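Participant: My questions are about this predicted structure, shown below with the sequence.
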Amino acid sequence: MKPLTHKIQIPIMNKPFSGKNFIVATHFLIYSASQALRDYLRKEDAKLLYISHPLPGVNPDRKEHSYAEISKSEKISEKFSASLRFNFLPLAIFYEILLTLKWVYLSNQVYEVYIGVDNINAFEGILLKKLGKVKKVVYYTIDYFPMRYSNKLLNSLYHWLDKFCVKNADETWNVSSQMVLARESHNAMDRKIYNRQFTVPIGVWYEKTKRVAFSKINSKKLVFVGHLVSHMGLDLILKSIPLISKKNPTIEVDIIGGGEELENLKALAQKLKIEKYITFYGWVRDRDKLEKIMQDAAVGLATFNTEILDEKVKNADPMKIKDYMLLGMPVILTNAVLPAQKIADSKSGIVVQYNPSDLAKAVIYLLENKKRLEEYRQNALQYVKQFDYNKLFAENLERVLAR
């Protein structure tokens with residue numbers, strides 16, 4: 001049975017959200033869909049209260065605190081900042097709820113739409129709707145998986161909160177249609193009852209992105225961007241390098257990201273004697289800097305480990321794949337995500353088995369023939385164009401306001 005999806009075509013007017021009031025509440029780590037939504041609403045002359053909280057327990061040494069910005073169009077008129085930060089999750093949630101309520105009341109506005117990115121922020125929006133401070137609530141889910149927390153109590157709370165938000169929000173936006181199936185399977189959420197779920201995939205800023213000409217790319221450079229955890233399959237990339245380097249002795253592999261596997265990966269690189277081929281950048285949070293590192297690469301890698309495939313991947317819409325294509329890179333990926341076959345069929349990427357030999361063959365296949373590589377790059381750009389944020393946000397926000 002296919003997952004529930006809604007496709008409603010709505011004519012896009014010129015700045016249809018000008019002067020309307022919105023709240024976007026999110027957690028931050030790197031630039032993603034929630035920051036893109038903020039930028040879109042500002043570009044469209046909306047009135048916006050943007051609320052951003054640090055992820056509890058993530059990068060506690062950076063001293064990042066919650067903050068809020070009030071803006072009309074591109075101009076920020078007022079900014080609030082919290083003086084404290086808590087990394088103990090229950091305390092952090094309680095503190096964030098208090099901050100959100102405080103900042104909404106300080107803004108002295110009634111908002112037409114509140115978009116809460118994740119179930120904690122969406123819960124706050126539902127509370128504000130009960131208090132008469134917002135008219136409509138959107139629950140924007142970037143990921144969904146059965147075992148979010150190892151602590152059973154916290155994990156039960158996560159699923160209860162998700163179910164509550166899907167039931168009580170005016171709409172739920174899922175980045176993947178797979179989330180509908182996952183909720184039905186793992187949390188007894190019958191799609192016929194929980195039927196206000198819409199697929200709103202991760203998007204791109206197609207026209208804003210600067211790309212280098214094909215003649216200026218580094219045809220020996222591969223890039224990986226993402227969290228360095230076991231299910232991302234970085235070990236496969238490293239194990240394929242000795243095979244690739246026999247054919248391409250000047251191969252370069254840029255690994256951008258951080259995480260628990262970093263030291264293990266460095267040790268594996270040393271063991272395989274491939275350190276000279278790899279550059280570990282760590283997290284690059286500035287979007288312009290990230291694109292500058294990536295933009296001359298030939299191919300992007302998304303080697304999710306299908307042997308320990310995680311629900312974080314299966315039920316998500318990995319941003320790295322579109323980031324690669326946005327810069328003109330074809331992607332080499334495993335069959336771990338919903339669009340893998342579509343990418344292969346469009347010849348904007350190659351799907352490989354989870355073994356070093358298969359990955360090495362795909363890399364060599366793309367890099368050894370410039371005409372083929374250029375064709376795949378053009379296909380990648382054509383494929384990703386359908387996910388432009390201007391189109392995605394306009395269609396879905398129009399529907400919310402029309403309810």
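Facilitator: Nice, I can see it.
Participant: Tell me the buried residues in stretch 142-149?
Facilitator: Across stretch 142-149, burial judged by 16 or more other C-beta atoms under 10 Å covers 142-145, 148. All C-beta spots, glycine's among them, are computed from the backbone N, C-alpha and C.
Participant: from those, which ones fall inside helices?
Facilitator: Judged by DSSP state H, the buried residues of stretch 142-149 include no members of helices.
Participant: Determine which two of these are furthest apart.
Facilitator: Farthest pair in these (C-beta to C-beta) is Ile142 and Arg148. Separation: 12.4 Å.
Participant: Now do the strand or helix carrying Val253, average pLDDT.
Facilitator: Using DSSP states H and E, the element containing Val253 is strand 252-256. For strand 252-256, mean pLDDT rounds to 97.
Participant: Counting neighbours, show which residues of the helix or strand following it come out buried.
Facilitator: Once the chain leaves strand 252-256, the next helix or strand it forms, by DSSP H and E, is helix 262-272. Buried residues in helix 262-272, counted by 16+ other C-beta under 10 Å: 262, 265, 269.
Participant: by contact count, what packs against helix 262-272?
Facilitator: On a contact count with 3 or more C-beta pairs under 8 Å, 6 or more residues apart in numbering; DSSP states H and E, helix 262-272 meets helix 234-247, strand 278-282.
Participant: Tell me the spacing between Glu44 and Asn21.
Facilitator: According to C-beta to C-beta, to the nearest Å, Glu44 and Asn21 sit 13 Å apart.
Participant: repeat for Tyr144
Facilitator: In terms of C-beta to C-beta, Tyr144 sits 29 Å off from Asn21.
Participant: same thing with Leu234?
Facilitator: Separation of Leu234 from Asn21 (C-beta to C-beta): 44 Å.
Participant: Comparing those two, which shows the higher neighbour count?
Facilitator: Taking neighbours as other C-beta atoms under 10 Å, Leu234 and Asn21 compare with Leu234 leading, 27 against 19.
Participant: Contacts for stretch 92-106 next, please.
Facilitator: Residues outside stretch 92-106 that contact it (C-beta atoms under 8 Å, 6 or more residues apart in numbering) are 23, 25, 49, 51, 53, 56, 66, 68, 80, 82, 84-86, 111, 120-121, 123-124, 127-128, 133-134.
Participant: could you redo the last one with a cut-off of 6 Å?
Facilitator: With C-beta atoms under 6 Å, 6 or more residues apart in numbering as the test, stretch 92-106 has contacts from 51, 53, 56, 66, 68, 80, 82, 86, 120, 124, 128, 133.
Participant: Give me the spatial nearest neighbour of the first one, chain neighbours excluded.
Facilitator: It stands for Ile51. Sequence neighbours aside, Ala25 is the residue nearest to Ile51 in space, at 4.2 Å (criterion: C-beta to C-beta, 6 or more residues apart in numbering).
Participant: you'd agree that neighbour is in a strand?
Facilitator: Yes. The assignment for Ala25 (DSSP: H, G, I helix; E, B strand; the rest coil) places it in a strand.
Participant: Could you tell me the model confidence score at it?
Facilitator: pLDDT, Ala25: 98.
Participant: Please apply the same query to Met13.
Facilitator: pLDDT, Met13: 49.
Participant: between the buried residues of helix 262-272, which is nearest Lys247?
Facilitator: Comparing those against Lys247 with C-beta to C-beta places Ala269 closest, at 19.2 Å.
Participant: ok, that closest one - contacts?
Facilitator: When contacts are counted by C-beta under 6 Å, 6+ apart, Ala269 touches 238, 275, 278.
Participant: Could you list the low-pLDDT ranges of the protein?
Facilitator: Within the chain, the stretches with pLDDT under 70 are 1-13, 60-62, 309-312.
Participant: longest helix of it?
Facilitator: Ranked by number of residues, the top helix in the chain under DSSP H is helix 89-107.
Participant: Please spell out which residues along that one are buried.
Facilitator: By 16+ other C-beta under 10 Å, the buried positions in helix 89-107 come out as 89, 92-93, 95-96, 99-100, 103-104, 107.
Participant: Quick check, Val253 in contact with Phe224.
Facilitator: No. Taking contacts as C-beta atoms under 6 Å, Val253 lies outside contact range of Phe224: 7.3 Å.
Participant: Tell me which of these two has more neighbours.
Facilitator: Val253 (25 against 22).
Participant: what bridges to that one?
Facilitator: Residues in a beta bridge with Val253, per DSSP bridges, are Leu222, Ile278.
Participant: For Leu262, see how far away it is.
Facilitator: Per C-beta to C-beta, Val253 is found 15 Å from Leu262.
Participant: again, but for Gln178
Facilitator: Here the criterion is C-beta to C-beta. By it, Gln178 lies 29 Å from Leu262.
Participant: Sticking with Ile76, tell me its helix or strand.
Facilitator: Using DSSP H and E, Ile76 sits in strand 75-81.
Participant: Report the buried residues of that strand.
Facilitator: Along strand 75-81, these residues count as buried under the neighbour rule (16+ other C-beta under 10 Å): Phe80.
Participant: That one to helix 89-107, inter-axis angle?
Facilitator: Here the directions of strand 75-81 and helix 89-107 differ by 140 degrees (axes from the mean of the first three to the mean of the last three C-alpha atoms, to 10 degrees).
Participant: by contact count, what packs against strand 75-81?
Facilitator: Other helices and strands packing on strand 75-81, by 3 or more C-beta pairs under 6 Å, 6 or more residues apart in numbering; DSSP states H and E, are strand 67-72.
Participant: now with 10 Å?
Facilitator: strand 47-54, strand 67-72, helix 89-107 (3 or more C-beta pairs under 10 Å, 6 or more residues apart in numbering; DSSP states H and E).
Participant: wait, which of these is closest to Glu368?
Facilitator: Minimum separation from Glu368 across the helices and strands packed on strand 75-81 (C-beta to C-beta) falls at strand 47-54, 45.0 Å.
Participant: Skip the chain neighbours and tell me the closest residue to the most centrally placed residue in the chain.
Facilitator: Most central in the chain under C-alpha atoms, centre = their mean is Met319, positioned 4.4 Å from the mean C-alpha point. In this structure, Met319 finds its nearest non-sequential neighbour in Ile202, 5.0 Å apart by C-beta to C-beta, 6+ apart.
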